[in-house]
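Colleague: sequence and predicted structure below; questions after.
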Amino acid sequence: MMFIAYEANWIDAILVESQSTGVLVFDAMDIVRITTSENIVNLGLMIMTCAGYAKYMEHIGAGTRLAHTFIRPLYRLNRPYIVLALMFLLNMGLSICVPNPLSLALLMMVTMYPVLLRLGVSPVGAAAVIATGHLMDVGPGAVSTLLIAKTLNMPVPNYFVGYQLRLYFLVAIVTAIAHFFWQKYRDRVEEPKAIDACLWYCLVC
């Protein structure tokens, strides 16, 4: 794509003159090296930080304590799949602030997962809600948002609020309703699966 853009005169150069090697192929290789090294370092630090936090929360039993704290009023509601749908909406809302899917999934596994299990939702149903929290790659910090806003020469907040946020709310509500009916149906017709398998399923997704 870089070569096509260069040959079509959409860009003047792959690298700025001060960084250019003088050879087009080497410039393309170098920009891939620079981009991936920066992104991998930032992403790796974010994942390690969130994973460490999630492991610490698990070690001190924060997830269990949270489940005990919330379980009494939620039991009175006696609607576990309504809680499941609401937690999906919370998960999607947090995905705007946490652009990395793995980091968000790790945090949700410590907080949301035990609560849903204690309410009677199956491990697979709880894992599905967590795995689909990053259903759409939108948000002020999302790569797609930054790229499109730059391409359109539009401020990121204007593009996000004016174009993405409306669709985001619509998709979130429709998906939450689908989760409510689908997970309730699947939990009724399927055999319970092992919790460990559901944890791997969630993290892989």
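Modeller: Great, that's in hand.

Colleague: okay, now the unreliable bits of this protein?
Modeller: Counting by pLDDT under 70, the low-confidence segments of the chain come to 35-51, 53-55, 57-58, 61-78, 191-205.

Colleague: over to the residue lying farthest from the centre of it. Which of the three states is it?
Modeller: Distance to the chain centre peaks in the chain at residue 22, reaching 39.7 Å (criterion: CA atoms, centre = their mean). Following DSSP: H, G, I helix; E, B strand; the rest coil, we place residue 22 in the coil state.

Colleague: what residues sit buried inside stretch 169-180?
Modeller: Using 16 or more other CB atoms under 10 Å as the test for burial, stretch 169-180 gives 172, 175-176, 179-180. Bear in mind the C-beta positions are built from the backbone N, C-alpha and C, glycine included.

Colleague: as a markdown table, those residues with secondary structure and distance to residue 120 would be great.
Modeller: Converted to a markdown table, these look like this (DSSP: H, G, I helix; E, B strand; the rest coil; distance: CB to CB, whole Å):
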| residue | secondary structure | distance to residue 120 |
| --- | --- | --- |
| 172 | helix | 24 |
| 175 | helix | 21 |
| 176 | helix | 18 |
| 179 | helix | 15 |
| 180 | helix | 14 |
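
Colleague: dump those residues to a markdown table, plus distance to residue 12.
Modeller: What follows is those, written out as a markdown table (distance: CB to CB, whole Å):
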| residue | distance to residue 12 |
| --- | --- |
| 172 | 41 |
| 175 | 43 |
| 176 | 47 |
| 179 | 48 |
| 180 | 53 |
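
Colleague: wait, which of the residues you listed is closest to residue 152?
Modeller: Checking the buried residues of stretch 169-180 against residue 152 by CB to CB gives residue 172 as the nearest, at 23.8 Å.

Colleague: the residue nearest to the closest one when sequence neighbours are not counted and residue 6, how far apart?
Modeller: Spatial nearest neighbour of residue 172, chain neighbours left out: residue 92 (4.7 Å); criterion: CB to CB, 6 or more residues apart in numbering. When distance is defined by CB to CB, to the nearest Å, residue 92 is 39 Å away from residue 6.
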